[in-house]
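K.L.:
For reference, the sequence and a predicted model appear below.
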Amino acid sequence: MSRNVVETYDTWGANGNGTFAYDSKVATDLPYVKSVTKQNQKVSYHHNVAIESHHFGHGHPMKPWRLTLTNNLVDAYGLAQYMDTYVTRSATFDEIKEFHREDYLEFLQRVTPAKQDKFLNEISRFNIGEDCPIFDGMWDYSSLYAGASLDAARKLVNGQSDIAINWSGGLHHAKRSEASGFCYVNDIVLAILQLLRIHPRVLYIDIDVHHGDGVEQAFYSTERVMTLSFHKYDKDNFFPCTGNYDEIGVGAGKHHSLNVPLKDGIEDLQYTTLFKEIVERVMLTYKPSVVVLQCGADSLGCDRLGCFNLNIKAHGQCVQIVKDFGLPTLVLGGGGYTPRNVSRLWAYETSVCVGAEVTNELPPHTNFKEYFSPDYTLHPPLSREARYENKNTRRTLDLVKTKIFEQLRYINGAPSVQMQEIPPDIGGIQEEVEQRIAEEEALKEKSRRKAEKASGRVGESY
C-alpha cells in the first residue's frame with residue numbers, strides 16, 4: 001500500500017483537532033444509521049493516523065493500513081457523531097517500562113534494518129525474526145499503539161468515558177522482554193496496570209483466534225486480574241501452542257487464568273452461546289469493576305490465519321454481551337489478517353458500542369470502496385466462504401464449559417483487595433513465576449520434539 005493511500009483522509013485529527021462532531025444538518029444527511037438506542041454510556045475513540053503508514057515488510061500478514069479502512073468505514077457511517085474522538089500521543093519510554101524490561105526497549109529504539117547486523121545477539125535473545133521482523137519505524141509504531149491504549153485506559157479511570165475504543169491496540173502476545181506473534185509492546189498489560197490503580201479487579205476477555213498468552217503470563221500470579229481467553233488450541237501446530245485447561249495461574253492468581261480451548265470450524269450459535277454462558281458465570285463469581293475486551297478479528301471466517309467460521313454479527317454479539325453488563329470497558333483490536341473483513345468487523349463493533357444500527361450496504365462515499373467488492377456490504381457471508389470443517393461437538397463444548405465452571409468454584413466470592421497494595425506485576429511478572437513458566441515451556445517443547453520425532457513430522461506455528 002503506497003504512502004499516499006493511508007494519508008488520504010483527515011477526519012481523525014491530522015489537522016490538529018483532538019475531537020470533532022457532525023453538526024445537526026450533516027447528521028440528518030447521513031442515512032446510513034437506521035436507529036440509535038439511547039444509552040447513558042459515554043463512548044470514546046482513540047487513534048493516531050501516523051500508525052497507519054507503517055509496514056512490516058512484503059508478504060507479512062500484519063497490515064497496519066487495515067486501520068485506514070476501519071476509520072474510513074466508521075467515518076462513512078457517521079459514527080463519530082455519537083462518541084468523543086481523540087488523537088493520541090505516543091507512549092513514552094518510562095510509560096512502557098512499567099511492564100517491559102529496559103534493555104529490551106532500548107533495543108527496540110536503536111535497531112533498524114540497516115543496523116541489524118550489529119545486534120545479532122539481541123535479535124536472538126528478544127525473539128526477533130520472521131514473525132516479528134525489524135522494520136523502519138518499529139519503535140514509533142509500537143509506542144503509538146501503546147499510547148492509544150494508555151489514553152483510552154486513562155479516560156476510563158478519570159470517568160470521561162464508559163467505553164473506550166482503540167482498534168490499533170490489543171497486541172496480546174508480547175512478553176516482558178521479547179517480541180512474539182507480530183507484537184512488540186504489550187499495550188494491554190500497560191492499560192490494565194493503569195486500571196489497577198483505582199479498580200480492585202479487572203476482567204480481561206480475549207476473542208482472538210490465538211491464545212492471549214502474553215497477558216495471561218503477565219498476571220499469572222495475581223488475583224486482581226482474571227484472564228479469560230477463547231481461542232483455537234493445538235499444542236503442536238497452532239501458535240502459540242498454549243492455552244489449555246491446565247493453565248490456571250499460580251500463587252494468589254491460581255484459578256484466575258481461564259482458558260477456553262476450541263477446535264477448527266466453530267460456528268456462530270455455538271460460539272455466542274458458549275461465550276454468554278461463561279462470561280455470565282465469570283461476572284457473577286469474580287465481580288470485576290472494569291473489563292478489557294480484546295476483539296481480534298482473526299476469529300472471523302475467511303481470515304488469512306484463522307480457522308473459525310464466525311460471521312461479523314456473531315463476533316459483534318460478544319461485544320454486545322459484555323456491554324450489557326454496564327461496566328467501564330476498554331475495547332481493543334488485535335489479530336486480523338484479511339483487512340477488508342477486519343475493517344468491516346471493527347466498524348460494526350464501533351456501532352455496537354455507540355448503540356447504532358447501521359445499514360448492511362456500505363455508504364456510497366466510502367473511501368477505498370473497491371476493497372469491499374463484489375458485494376460492498378458490511379456483513380458478507382463469511383461462514384459460507386472458505387469454510388472449515390466444524391470439529392466442535394456439543395460434547396466437547398460442554399466439557400469446555402464444565403472445566404471453566406470447576407475453576408470458578410474455587411473462587412468464593414470476589415477477592416478481598418486492599419487498594420493501597422500495588423500488584424506484584426506492576427513492573428513485570430515476578431521472577432520466580434517467570435522462571436517457572438520458562439521451565440514448563442521447556443518441558444512442553446521437549447515433549448513436542450519427542451512426539452515429532454516419533455511421528456516423522458514437524459509442527460508449524462500456523
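P.N.:
Perfect, thanks for sending it. Numbers count the residues shown, from 1 in each chain.
K.L.:
so where is the stretch 351-462 of the chain shaky, pLDDT-wise?
P.N.:
Residue ranges of the stretch 351-462 of the chain with pLDDT under 70: 412-462.
K.L.:
And the helices in it, which stretches?
P.N.:
Secondary structure of the stretch 351-462 of the chain (DSSP state H, counting those that start in this stretch): helices at 394-408, 431-455.
K.L.:
quick one, what contacts residue 208?
P.N.:
170, 172, 229, 231, 294, 295, 296, 298, 299, 334, 335 (C-beta atoms under 8 Å, 6 or more residues apart in numbering). For glycine as for every other residue, the C-beta is placed from the backbone atoms N, C-alpha and C.
K.L.:
quick one: which of the residues you listed sit in strands?
P.N.:
229, 231, 294 (DSSP state E).
K.L.:
Could you export those to CSV, including columns for distance to residue 32?
P.N.:
Converted to CSV, those look like this (distance: C-beta to C-beta, whole Å):
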residue, distance to residue 32
229, 34
231, 33
294, 27
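K.L.:
Using a markdown table, lay out the residues you listed together with pLDDT and neighbour count.
P.N.:
Formatted as a markdown table, the ones in strands among the contacts of residue 208 follow (pLDDT from 0 to 100; neighbours: other C-beta atoms under 10 Å):
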| residue | pLDDT | neighbour count |
| --- | --- | --- |
| 229 | 98 | 26 |
| 231 | 98 | 24 |
| 294 | 98 | 23 |
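K.L.:
for the residues you listed, which one is nearest residue 397?
P.N.:
residue 231 (13.9 Å; C-beta to C-beta).
K.L.:
which residues of this structure score low on pLDDT?
P.N.:
For the chain, the ranges with pLDDT under 70 are 1-30, 412-462.
K.L.:
What ranges does it have for its helices?
P.N.:
All helices of the chain, identified by DSSP state H, fall at 3-6, 24-28, 66-76, 93-96, 102-110, 120-125, 138-157, 187-195, 213-218, 268-286, 312-323, 339-354, 394-408, 431-455.
K.L.:
how much space is there between the closest residue to residue 390 other than its chain neighbours and residue 388?
P.N.:
Distances taken as C-beta to C-beta, 6 or more residues apart in numbering place residue 265 nearest to residue 390, at 3.6 Å, with adjacent residues excluded. Computed as C-beta to C-beta, to the nearest Å, the residue 265 to residue 388 distance reads 4 Å.
K.L.:
any residues in contact with both of these two?
P.N.:
307, 308, 309.
K.L.:
okay but the first one is in contact with residue 265, surely?
P.N.:
Yes: taking C-beta atoms under 8 Å as the definition, residue 307 is a contact partner of residue 265 at 6.9 Å.
K.L.:
Same question for stretch 323-342: list its buried residues.
P.N.:
323, 327-342 (16 or more other C-beta atoms under 10 Å).
K.L.:
now do stretch 350-367
P.N.:
Here stretch 350-367 shows 350, 351, 352, 353, 354, 355, 356, 358, 362, 363, 366, 367 as buried, counting by 16+ other C-beta under 10 Å.
K.L.:
so the last one touches residue 71, yeah?
P.N.:
No: using C-beta under 8 Å, residue 367 is not in contact with residue 71, being 9.3 Å away.
K.L.:
what's the spacing between residue 300 and residue 358?
P.N.:
18 Å.
K.L.:
Next: residue 179.
P.N.:
Taking C-beta to C-beta, one finds residue 179 at 36 Å from residue 358.
K.L.:
Residue 306 too?
P.N.:
The gap separating residue 306 from residue 358 is 24 Å, by C-beta to C-beta.
K.L.:
next one: residue 174
P.N.:
33 Å.
K.L.:
How about residue 46?
P.N.:
From residue 46 across to residue 358, the span is 21 Å (C-beta to C-beta).
K.L.:
That concludes my questions; thank you for your assistance.
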